[in-house]
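*Asks:* Could you look at this predicted model? Sequence included:
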Amino acid sequence: MDALPLIALVAVSAAVAGAARRTPVPAPLVLVAAGLVAGYLPGVPTYHLDAHVVLPLLLPPLLYTAAVDSSYLDLRANIRPVALLSVGYTLFATVAVGWLAYRAIPQLPLTAALVLGAVVAPPDAVTAAAIARRVGLPARVTTILQGESLVNDATAITAFKVALAAAVGEGMSWGEGIGEFLLAAIGGVGVGLLLMVPLHWLRTHLKEALLQNTLSLLIPFVAYAAAERVHASGVLAVVVVALYLGHRSWQVDFATRLQEAAVWKMVAFILESAVFALIGLQLPFVLKELGPVGSGEALGYAAVVLLAVVVVRFVWVYPATYLPRWLSRRVREREPAIDRTAPLIVGWAGMRGVVSLAVAFSIPLLTHDGAPFPARNLVLFLTFTTVIGTLVVQGLTLPVLVRALKIPGLDARTVTLIEAQAQNDASEAAEARLRELLDDPRNTLPPPLADRLRSVLERRRNSVWERLGAADPVTGESADDTYRRLAREMIGAEREVFVRLRDERRIDDEMLRTLLRRLDLEEAAAYRETDGS
């Protein structure tokens, strides 16, 4: 098996994504465009999306990294709008888009149209997270969009299975379809609940960060495979486990957290880059398979389906946003007032992604009685154009919409004040604990070392408050910024000496690595990033 095309895909997509960060265009759109162009360049290998690869191998880690960074408390506080979108909207879009496509496209029988509806129903988790990070959406809107995209794949995949069974002639009744949905949902959540506690126990009892992070990389695949083995939703199992582990990540030791954050950031970057590039690379394959339908006619159908997808989302979002508040006083009392811009943003942020394409490619060539699947190639084409259309049209205009609506972000001074107060409370608790420990004869320290503990604590407390004060008139730095810069310069001087000693053969490479790691940790402590990146 030739691994070079895969290596080339990862390398080139990562390079394009890195370059895209220097442009105002969101990286997903640049990657899709690059894939569209690359698909027609001579010498570029054929990359074919396979549902048997994308769903069990690419989807679990992408879902896991999105869910583990989500807030369980925020999702729980917004469970009603998240459920209305991830379950209600996805089922509504399956039926509504399918019916509209059936009425507008003569080549599509109703069963195949419902398959198309299920395929294009779910907005994509990767796309939602990537766009939300880039445009700086309000916190509650971001939570709702991320929560929707974490769960809606499970709803859509189950709806797809039911519609597909009808389309290939396996004859699934409404009762059987509902049973299939309940089994997938309840089973997926159940598997996640069964796995999350023992997996967390393992994470907290493994003593080496390398072993803990190896387990972390395996967790999404284990959860997905375990759920799928019992015909439950692997998507929901991964999300449940990831939310639990993310909520309790503070119980894992610091070395694991530092290493895990770096590992998953790299994994997410590589997979997201490759996934968006793969979307664009499917164009030659989709056009080749389009068959007898003329390109002009097919593009007309594509415009109809894209318009239906966009309009149907608004048809659901506005009533789902306002009706519960009008009908229930309890909802009005428990939930914050709705900003008028929120449903507009949620309605427009409906970009589709790789899951839709992967599921579409899993449609069989033949029905149960051996006949060709009706309009399979047209369904593939319409799925592709819907994904590309939503990514380009909505992805490009969403930042413009957010700016035009002049949505206020969190005031930086207010955020810093909240952070400073939290740090002050924590420092007071640490001071009390330090006094308690130093009063114990077993913890006797020389005065300089005890003073060092106090000074480190005091600097940590003051550093946030200093960001609220005036900057240095010459450098523009706060005192904390100057401290970090000077500490970094000192550490840099030490690092140069260690390297020179190694070059002079006065220390060996193993000792150099030990000394440099110690300096790296010192630098990380003295010059940590305030944004957590």
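*Replies:* Structure's in. What do you need?

*Asks:* Please tell me how far the residue nearest the centre of the chain sits from L150.
*Replies:* The chain has A66 as the residue nearest its centroid, 3.2 Å off, counting by CA atoms, centre = their mean. Distance of A66 to L150, computed by CB to CB, to the nearest Å: 6 Å. (Glycine included, C-beta is placed from N, CA and C.)

*Asks:* Can you read off the pLDDT for the residue sitting furthest away from the middle of the chain?
*Replies:* Here the centre of the chain is the reference, and by CA atoms, centre = their mean the most remote residue is P441, at 50.2 Å. P441 is assigned 81 on the pLDDT scale.

*Asks:* Tell me, what's the model's pLDDT at A471?
*Replies:* Value for A471, per-residue pLDDT: 58.

*Asks:* Equivalent analysis for V387, please.
*Replies:* Here, the pLDDT recorded for V387 equals 92.

*Asks:* ok, it - how many residues close by?
*Replies:* Neighbouring residues of V387 were enumerated by other CB atoms under 10 Å; the total is 28.

*Asks:* mind checking the SS state of it?
*Replies:* What DSSP: H, G, I helix; E, B strand; the rest coil gives for V387 is helix.

*Asks:* what's the closest residue to it other than its chain neighbours in contact with, if anything?
*Replies:* Excluding its sequence neighbours, the residue lying closest to V387 (CB to CB, 6 or more residues apart in numbering) is R352, at 4.5 Å. By CB atoms under 8 Å, 6 or more residues apart in numbering, the contact list for R352 reads 120, 122-124, 127, 309, 386-387, 390-391.

*Asks:* Which members of these occur in helices, if any?
*Replies:* 120, 127, 309, 386-387 (DSSP state H).

*Asks:* Give me the pLDDT for the closest residue to T111 other than its chain neighbours.
*Replies:* Nearest non-adjacent residue to T111, counting by CB to CB, 6+ apart: A167, 3.8 Å away. Reported pLDDT at A167 in the predicted model: 83.

*Asks:* and A167, what does it touch?
*Replies:* 109, 111-112, 114-115, 367, 373-374.

*Asks:* for L116, same thing?
*Replies:* The contact partners of L116, taken as CB under 8 Å, 6+ apart, are 97-98, 101, 108, 305, 379, 382-383.

*Asks:* now those residues: which count as buried?
*Replies:* For these, a neighbour count by 16 or more other CB atoms under 10 Å gives the buried set as 97-98, 101, 108, 305, 379, 382-383.

*Asks:* Skipping adjacent residues, who's closest to V32 in space?
*Replies:* Closest residue to V32 apart from its sequence neighbours, by CB to CB, 6+ apart: G280 at 4.4 Å.

*Asks:* Helix, strand or coil: sort out that neighbour for me.
*Replies:* helix.

*Asks:* Give the burial count for it, as a bare number.
*Replies:* By other CB under 10 Å, the residues close to G280 number 24.

*Asks:* Identify the residue nearest S362 in space, chain neighbours excluded?
*Replies:* S362 sits nearest to A51 (CB to CB, 6+ apart), 3.4 Å away.

*Asks:* try L59
*Replies:* V355 (6.5 Å).

*Asks:* Go ahead and confirm that neighbour touches D124.
*Replies:* Yes: with contact defined as CB atoms under 8 Å, V355 reaches D124; the gap is 6.1 Å.

*Asks:* Give the residues shared as contacts by these two.
*Replies:* With contacts taken as CB under 8 Å, 6+ apart, not a single residue reaches both V355 and D124.

*Asks:* returning to that earlier point: distance of the residue nearest to V32 relative to R352?
*Replies:* Distance of G280 to R352, computed by CB to CB: 14 Å.

*Asks:* if we can go back for a sec, and the two most separated of the contacts of A167?
*Replies:* Across those, no pair lies farther apart than L114 and T367, at 14.4 Å, counting by CB to CB.

*Asks:* residues near R22, how many?
*Replies:* Residues within reach of R22, counting by other CB under 10 Å, total 6.

*Asks:* now Y102
*Replies:* Look at Y102: counted by other CB under 10 Å, it has 18 neighbours.

*Asks:* Please apply the same query to V82.
*Replies:* 23.

*Asks:* Give me the average confidence score over the helix or strand harbouring it.
*Replies:* According to DSSP states H and E, V82 maps onto helix 79-83. What helix 79-83 shows for mean pLDDT is 92.

*Asks:* Please state the offset of it from the chain centre?
*Replies:* 18 Å (CA atoms, centre = their mean, to the nearest Å).

*Asks:* Helices of the stretch 151-300 of the chain, residue ranges please.
*Replies:* 174-205, 209-229, 234-247, 254-281, 283-289, 295-327 (DSSP state H, counting those that start in this stretch).

*Asks:* ok, and which of those helices has the densest surroundings?
*Replies:* helix 234-247 (a mean of 26; mean count of other CB atoms under 10 Å).

*Asks:* Now do that one against helix 174-205, angle only.
*Replies:* Relative orientation of helix 234-247 versus helix 174-205 (axes from the mean of the first three to the mean of the last three CA atoms, to 10 degrees): 30 degrees.

*Asks:* which strands and helices sit next to helix 234-247?
*Replies:* helix 59-68, helix 72-77, helix 139-167, helix 174-205, helix 209-229 (3 or more CB pairs under 8 Å, 6 or more residues apart in numbering; DSSP states H and E).

*Asks:* between the ones you listed, which one is nearest to L36?
*Replies:* Among the helices and strands packed on helix 234-247, the nearest to L36 by CB to CB is helix 59-68 (21.4 Å).

*Asks:* ok and that closest one relative to helix 139-167, angle-wise?
*Replies:* 150 degrees.

*Asks:* Only C-alpha atoms, please: export helix 59-68 in PDB.
*Replies:* Output of helix 59-68 as PDB, limited to C-alpha atoms (Å, rounded to 0.1, in the frame of the first residue of the first chain):
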ATOM      1  CA  LEU A  59     -15.300  11.400  13.100                       C
ATOM      2  CA  PRO A  60     -14.500  10.100  16.700                       C
ATOM      3  CA  PRO A  61     -11.400  12.200  17.300                       C
ATOM      4  CA  LEU A  62     -12.900  15.300  15.800                       C
ATOM      5  CA  LEU A  63     -16.000  15.000  17.900                       C
ATOM      6  CA  TYR A  64     -13.900  14.200  21.000                       C
ATOM      7  CA  THR A  65     -11.700  17.200  20.700                       C
ATOM      8  CA  ALA A  66     -14.700  19.500  20.100                       C
ATOM      9  CA  ALA A  67     -16.700  18.000  23.000                       C
ATOM     10  CA  VAL A  68     -13.900  17.900  25.500                       C
END
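
*Asks:* contact partners of it?
*Replies:* Against helix 59-68 from outside (CB under 8 Å, 6+ apart): 125-126, 129, 146, 149-150, 153, 217, 219-221, 223-224, 234-235, 238-239, 241-243, 245-246, 249, 264, 267-268, 271-272, 275, 355, 358.
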